[in-house]
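Novice: okay, structure incoming, though there's no sequence with it:
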């Protein structure tokens, strides 16, 4: 088959891959030249590239080099391989992606919901696959990992669900924000039934997520040790640490109390999973970034969407990986992060720290053509 | 004559009842026997003309100029049916009908338009209350009237339903929607083989947008109905077998999806 019969998708991917391949071989001056040429080529071909490829690397071009980067993989929702190979292929793809990053990230964050129903086979399969990640991996727990045995196996495999560490001048906190009040004992639910209910988004049976008083106390004590309030704080939390849409549990019930603990600090960034969509929010000194899922994208909730969110085009249901992906965070000197959404079937989208810091005035990410409805 | 009709009808009923209750007949045999239906024997025309019977089972009419076995022209058939109907109305002077509303008639070709002759407004539907034996107080028609405290058109059985009727309908509709909710949230019920259920991508049936169908589904290359997309999802992400149009699961899921979009403007064909 000749070149002219290649599908639009094939051509797009060939062009995209070639472009990123070339970028790796260039110094900065040559990069700028190629970026210009590629924009010219795109215009010449009549391609509609409202956010053409060169924008991805504007940060480097401007010389605002990040102090370090970390990558993420999130919400893989694994079933056992013999039942469902689809989600397994997706996490393998994500592992390949982060292993291909050059230079390698300082670490890889796993954003929670490794398993779909918290079964031993699912969690162990995930742990096995994640061993292939070259960079060190930081684990966060999601509700799908937790509610079959209340975190027993997950803790055995990966350690405690809440911890903190310092890295290159940034204080990192990992929270378990998916705790729920007991809704199962009175109903006499089996662990499987309990897990199944939590796994569903659109039911009113389960309780809402919370960090909980004991963990808030742990957090208060942990943050008290950070005496310099100019130290950038980055928080990993599976659920968004704010109140987005309660009926789907896009919500953390004690978000206000948790946010209050971060008030004294100048720069706080929260990276969360769970929502499977591009999501940006800014509350006071805190920036919030949602991560992509590798398993499936979720539509935006009918209300409560944070104002700074630039929606992603609604996903093409006919394309398995559309709306899915992984990504990278570049931690800037300021302590805020530039967020790269590596969408597998689309051009990557960057949400810059400056976009959030300016309240949505600067560096506005490309608008969607097909909003969710 | 009216009495006779009534008696005839009663006779057959009483005959059946006598059979069922008669001491000489074993009850089992009586139950097995179908009720006796009086056959409408049409009189034979001595000229060999066609004889047409009315469905009341007793009125008939000989059609002059048309031999038995021949078919009627449209004009003849209209004449015959009109004549038979008139005969039936003569026999049943108390038959209750809504007045035929007068509608504006197009003038005959060539006739001058009588501009002064305005068409009369349609006569209101009968203002009489329903006659005994038709709609009864148990049917709840009077309740409807009371509730609305407004003049209500009468003379129909349709619309004469009670709160209880409406409650039953609402409950059975809700049952249908609930069944759809169950199928929508259960990978096994939908026939999935990979553990994926509909709600995993469509919480609360979001992004199913049933109000945009039918529409040209670019990826399918044809106009699709909502059920076509449901089946596509079942075959691909869910990896099950497509459901037949009449499959109760398909019907229930459609009910659930539409129920979730209640109040959303219909905008079929939307991209």
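Specialist: Here it is on my side, so go on. Note that the structure is a prediction, hence the values are computed from the model and not measured.
Novice: would you double-check that residue A:327 falls in a helix?
Specialist: No. Remark: residue A:327 does not belong to a helix; assigned using DSSP: H, G, I helix; E, B strand; the rest coil, it is strand.
Novice: can you pull the contacts of residue B:64?
Specialist: For residue B:64, the contact set (CB atoms under 8 Å, 6 or more residues apart in numbering or on different chains) comprises residue B:49. Just so you know, the C-beta spots here come from the backbone N, C-alpha and C atoms, and that holds for glycine as well.
Novice: same question, the one 5 residues further on
Specialist: The neighbourhood of residue B:69, defined by CB under 8 Å, 6+ apart, consists of residue B:50.
Novice: so what's residue A:221 scoring on pLDDT?
Specialist: For residue A:221, the pLDDT comes out at 98.
Novice: for residue B:234, see how far away whichever residue of the stretch 51-200 of chain B sits closest to chain A is.
Specialist: Across the stretch 51-200 of chain B, the shortest distance to chain A (CB to the nearest CB) belongs to residue B:194, at 4.0 Å. According to CB to CB, to the nearest Å, residue B:194 and residue B:234 sit 11 Å apart.
Novice: ok, those two, which is more surrounded?
Specialist: With neighbours defined as other CB atoms under 10 Å in any protein chain shown, residue B:194 and residue B:234 compare such that residue B:234 has more, 22 against 15.
Novice: could you give the number of residues near the nearest residue to the more buried one once chain neighbours are set aside?
Specialist: Computed as CB to CB, 6 or more residues apart in numbering or on different chains, the closest residue to residue B:234 that is not its neighbour in sequence is residue B:240, at 4.6 Å. Burial measure for residue B:240: 20 neighbouring residues, criterion other CB under 10 Å.
Novice: all strands of chain B, in order?
Specialist: Ranges of strands in chain B, per DSSP state E, are B:49-53, B:60-67, B:215-217, B:222-224.
Novice: how about the second one: buried residues?
Specialist: With burial defined by 16 or more other CB atoms under 10 Å in any protein chain shown, the residues of strand B:60-67 counted as buried are B:60, B:61, B:62, B:63, B:66.
Novice: just flag the most distant two among those residues.
Specialist: Greatest spacing in those, by CB to CB: B:60 and B:66 (14.1 Å).
Novice: so where's chain A shaky on pLDDT?
Specialist: Where chain A drops to pLDDT under 70, the residues are A:1-10, A:20-65, A:373.
Novice: mind listing the strands for it?
Specialist: Here chain A has its strands, by DSSP E, at A:68-73, A:108-110, A:137-139, A:163-167, A:170-174, A:233-237, A:243-245, A:250-251, A:268-272, A:280-283, A:286-290, A:325-331, A:337-343, A:349-351.
Novice: a markdown table please, covering those strands and showing distance to residue B:212 and mean neighbour count.
Specialist: Listed next are the strands of chain A as a markdown table, based on distance: least, CB to CB, whole Å; neighbours: other CB atoms under 10 Å in any protein chain shown:
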| stretch | distance to residue B:212 | mean neighbour count |
| --- | --- | --- |
| strand A:68-73 | 34 | 24 |
| strand A:108-110 | 37 | 25 |
| strand A:137-139 | 41 | 20 |
| strand A:163-167 | 47 | 14 |
| strand A:170-174 | 42 | 21 |
| strand A:233-237 | 36 | 24 |
| strand A:243-245 | 23 | 19 |
| strand A:250-251 | 25 | 24 |
| strand A:268-272 | 32 | 26 |
| strand A:280-283 | 28 | 18 |
| strand A:286-290 | 27 | 24 |
| strand A:325-331 | 27 | 25 |
| strand A:337-343 | 24 | 23 |
| strand A:349-351 | 26 | 23 |
